[in-house]
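Chemist: pasting the sequence and the predicted coordinates here, then a few questions.
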Amino acid sequence: MPAILRYNGYTLFFFSNEGNPREPAHVHVRGRGGSAKIWLEPEVRLAQSFGIADNELGALLQLAKLQREHLIQVWEDFFDD
């Protein structure tokens, strides 16, 4: 479970096994009693969330947009076949 970023009590990460065939690039978010999944491709968008307030989701989505290139690069480096 490689952690990529930490932000305001949340950790953005992905699992080392993201399906077969592998799902498109995305991050999981966990913290403050909640969790979410954010797609990075083809664009940043919320896949699902549980227990995270809307204003915090907005901030997490904005962070993912700002860090999208970095997040995708880490994903590609890790899963490089």
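Modeler: Structure received.
Chemist: look at residue 58 and report its pLDDT.
Modeler: Looking at residue 58, its pLDDT stands at 97.
Chemist: swap in the one 3 residues further on?
Modeler: Per-residue confidence (pLDDT) for residue 61: 98.
Chemist: please write out the alpha-carbon positions of whatever helix or strand it lives in in PDB.
Modeler: For residue 61, the host element (DSSP states H and E) is helix 54-66. C-alpha atoms of helix 54-66 as PDB (Å, rounded to 0.1, in the frame of the first residue of the first chain):
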ATOM      1  CA  ASP A  54     -18.400  17.400   1.200                       C
ATOM      2  CA  ASN A  55     -16.100  20.400   1.800                       C
ATOM      3  CA  GLU A  56     -13.200  18.100   2.600                       C
ATOM      4  CA  LEU A  57     -13.900  16.000  -0.500                       C
ATOM      5  CA  GLY A  58     -13.800  19.200  -2.500                       C
ATOM      6  CA  ALA A  59     -10.400  20.000  -1.000                       C
ATOM      7  CA  LEU A  60      -9.100  16.500  -1.700                       C
ATOM      8  CA  LEU A  61     -10.300  16.600  -5.300                       C
ATOM      9  CA  GLN A  62      -8.600  20.000  -5.800                       C
ATOM     10  CA  LEU A  63      -5.400  18.500  -4.300                       C
ATOM     11  CA  ALA A  64      -5.700  15.600  -6.800                       C
ATOM     12  CA  LYS A  65      -6.200  18.000  -9.700                       C
ATOM     13  CA  LEU A  66      -3.100  20.000  -8.600                       C
END
